[in-house]
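> Turn this into a model:
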Amino acid sequence: MGIIGTLYEQFVKYQRVTTDSRSIEKGAIFFALKGDNFNGNHFALDALSKGAEIAVVDDINLKNKKGCIYTENVLLCLQKLAKYHREQLSIPIIGLTGSNGKTTTKELIRQALACKYKVVATQGNLNNHIGVPLTLLSISKSDEIAIIEMGANHVGEIQTLCNIAQPTFGLITNIGRAHIGGFGGFEGVIKAKTELFGYMKDNNGTIFFNADNDLINGKISEFNLSKSSIDYSIKSFNAKTIPGREPFLSVSLSFPNNNYLIHTNLTGSYNLENILAACRIATHFGVEPKMIKESIESYTPSNSRSQVVDTPQNRVILDAYNANPSSMEAALANFASLPSDKGKVAIIGEMLELGEYADAEHNRIVGIATRFDFEQILLVGTLFPKSHPATKWFETSQECLKYLKRNPQKEKLILVKGSRGTRMEVVMDAL
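Predicted structure coming up:
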């Protein structure tokens, strides 16, 4: 039967898989993954004592321990099990990637499809070589559609994730200057993201794409996907942003036989393309426009993703989960465009994983920020220039927090944005 067959028999009984020995349920399969700072093999016996039925290990010393199944590579075993499970499924699987907006778009799609279907989707941003297999293994026989978010920071990763998830539909939200250090430049980003297009072409999949995006439009033609693609655009939905609820985004959209005004809990006009993607995918799967409107209006961002936070002193746009040059530029432009009778303060953290492009991109972002009429610009991180006359510089978010406590901000509109590793949410304690 082999290891995968043995594991799948156990999986079918309980459908419980975990990589965390602290959250064991009876009958679970525990995968003892290893990383730079941890080794799951050390917790395998503990997981078994807590009720796991099987511990998959790659420590030879555990090979003959009761309940342990030895393999040369636990991660590869997890991926193979997930791929095997996926091959037993016949439901539509939407593979989603892109430089910006992946998680927000995924959540909007999930909300819209959930009006009609039982949907399973990537939790949070568990979109890598571990998260994708775990998401696939969370799909049950009663689920009707799956949305698999796929992230990457080097060429070849999307191809690997596609081979595991085997999506039948695909969407690239956009292609921007994210993780360009790991990709070796912007051309590497393009090559990596369009691995999804290559997979869909080779496997007769269907692509949803934004016809307003010239780069993606060109790649649709290059991969000869025109006949197996479904487009959407501002024109196709007669979409318009409607002022009046700033900083929240309101849009008017035209569906066949219906026009709707949608009041979202999102901030930033850049979210319009994410909304259009969700609308197009939901209509393709037969969801009624009125239900799409209601589902989008019910979505509230969380986890420091374009959240609007009203504190006793200020209104804060908290977008501190991730940042790259493309998303930072869009966030600053949107922040500048918001009408407000309050002073505006931009607190921006450094952007990581840019490699040799880091200095140039951080200098460029400072140049953009200083062209706007912001009351203050606070820079956090060693990658930013330290002595720009129009800014204040801090080495860490903790140092910035100390400054803000000494210099309280009151009645301000504040943007807080930066890469996750910069921990920009720390400054909220003083806002």
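
> any idea how far residue 27 is from residue 43?
Distance of residue 27 to residue 43, computed by CB to CB, to the nearest Å: 18 Å. Just so you know, the C-beta spots here come from the backbone N, C-alpha and C atoms, and that holds for glycine as well.

> elements contacting the helix or strand encompassing residue 369?
Here residue 369 sits within helix 358-371, counting by DSSP states H and E. When contacts are defined as 3 or more CB pairs under 8 Å, 6 or more residues apart in numbering; DSSP states H and E, helix 358-371 packs onto helix 325-337, strand 343-349, strand 376-380.

> Tell me how far the first one lies from the chain's centre.
Put plainly, it is helix 325-337. 18 Å (CA atoms, centre = their mean, to the nearest Å).

> What degree of burial does the residue lying closest to residue 98 once chain neighbours are set aside show, as a neighbour count?
Distances taken as CB to CB, 6 or more residues apart in numbering place residue 173 nearest to residue 98, at 3.1 Å, with adjacent residues excluded. Using other CB atoms under 10 Å as the criterion, residue 173 is surrounded by 25 other residues.

> OK, contacts around residue 173?
If a contact means CB atoms under 8 Å, 6 or more residues apart in numbering, then residue 173 has 96-102, 105, 210, 273-274, 277 as its contacts.

> run the last query once more with 7 Å
Residue 173 makes contact with 98, 100-102, 105, 274, 277 under the criterion CB atoms under 7 Å, 6 or more residues apart in numbering.

> repeat for residue 105
Going by CB under 7 Å, 6+ apart, the list of residues near residue 105 reads 96, 173, 274, 277-278.

> what about 6 Å?
Contact analysis of residue 105 by CB atoms under 6 Å, 6 or more residues apart in numbering lists 173, 274, 277.

> mind checking pLDDT for it?
Model confidence at residue 105, given as pLDDT, is 94.

> From residue 271, how far out is it?
Applying CB to CB, the value for residue 105 to residue 271 is 9 Å.

> And residue 154, by the same measure?
28 Å.

> the more surrounded of those two?
residue 271 (22 against 13).

> separation between the more buried one and residue 250?
11 Å.

> Repeat that for residue 216.
Using CB to CB, one obtains 26 Å as the distance from residue 216 to residue 250.

> again, but for residue 324
27 Å.

> Compare these two and say which is more crowded by neighbours.
Applying other CB under 10 Å to residue 324 and residue 250 shows that residue 324 carries more neighbours, namely 21 against 17.

> Backbone dihedrals for the more buried one, both of them.
Note on residue 324: its backbone torsions stand at phi -140, psi 170 [degrees, to the nearest 10].
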